[in-house]
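**Q** Pasting the sequence and the predicted coordinates here, then a few questions.
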Amino acid sequence: LGVRVVPEVDLPGHSASWCRAYGEICEMGRRMVSPASDLTRRVIADVITEVAEVFPDAFLHLGGDEVVPRLWDNDRAVATWMRDRNTTSDRVFVDFVRYSQQLALSLGKVPIGWNEIVGVKVRQPTPKALSIDYDPNAVVQVWTDYA
């Protein structure tokens, strides 16, 4: 028995505080981190690595909820970056989830994500093509009554 403390590094949404500290890693609306910045992955890797070292628990929550991919579509730099890579904002979200999960796994942590990581958004399903890309070792935490 006891108390289990599981830290949550909630990305790529809910990142307003990240955007205040590191504006260059965010989309122009300052609500989500930008996949178009190489610095974004470096900062995220540094933070997740440090959190993994500080918290000895096997689990690390990576969030993934309430993401608004169209914010990336509306950001000129991110839209150009996506166009150059022939990808979409929904696909970028899936890739971001995969990157975060693989990072946690590489640090010996079991990643946890909100139900959106498996393609169930807050009020609507994500296209089925996106719902198969989460890591099978990840724990999915359901917070909505939709799932």
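**A** Sure thing, it's come through.
**Q** quick one, strands of this structure?
**A** Taking DSSP state E, the strands of the chain run over residues 59-61, 110-114, 139-141.
**Q** Okay, now the sheet partners of the longest one, with direction.
**A** Just to be clear, that refers to strand 110-114. Here strand 110-114 has these sheet partners by DSSP bridges: strand 59-61 (parallel), strand 139-141 (parallel).
**Q** if we can go back for a sec, of the strands of the chain, flag the one that's most buried.
**A** Mean neighbour count (mean count of other C-beta atoms under 10 Å) peaks for strand 110-114 among the strands of the chain, with a mean of 22. No exception for glycine: its C-beta is placed from N, CA and C like everyone else's.
**Q** what's in contact with it?
**A** 6, 8, 58-65, 97, 100-101, 104-105, 134-135, 137-143 (C-beta atoms under 8 Å, 6 or more residues apart in numbering).
**Q** how does it look with 6 Å?
**A** Contacting residues not belonging to strand 110-114 are listed as Ala58, Phe59, His61, Leu62, Gly64, Asp65, Gln101, Ala104, Ala138, Val139, Gln141, Trp143 [C-beta atoms under 6 Å, 6 or more residues apart in numbering].
**Q** And for stretch 6-19?
**A** Around stretch 6-19, the neighbours that count as contacts under C-beta under 6 Å, 6+ apart are 26, 30, 32-33, 48, 51, 55, 57, 59, 61-63, 66-67, 96.
**Q** thinking again about what came up before, which of the strands paired with strand 110-114 has the lowest mean pLDDT?
**A** Here the strands paired with strand 110-114 differ in mean pLDDT, and the lowest is strand 139-141 at a mean of 86.
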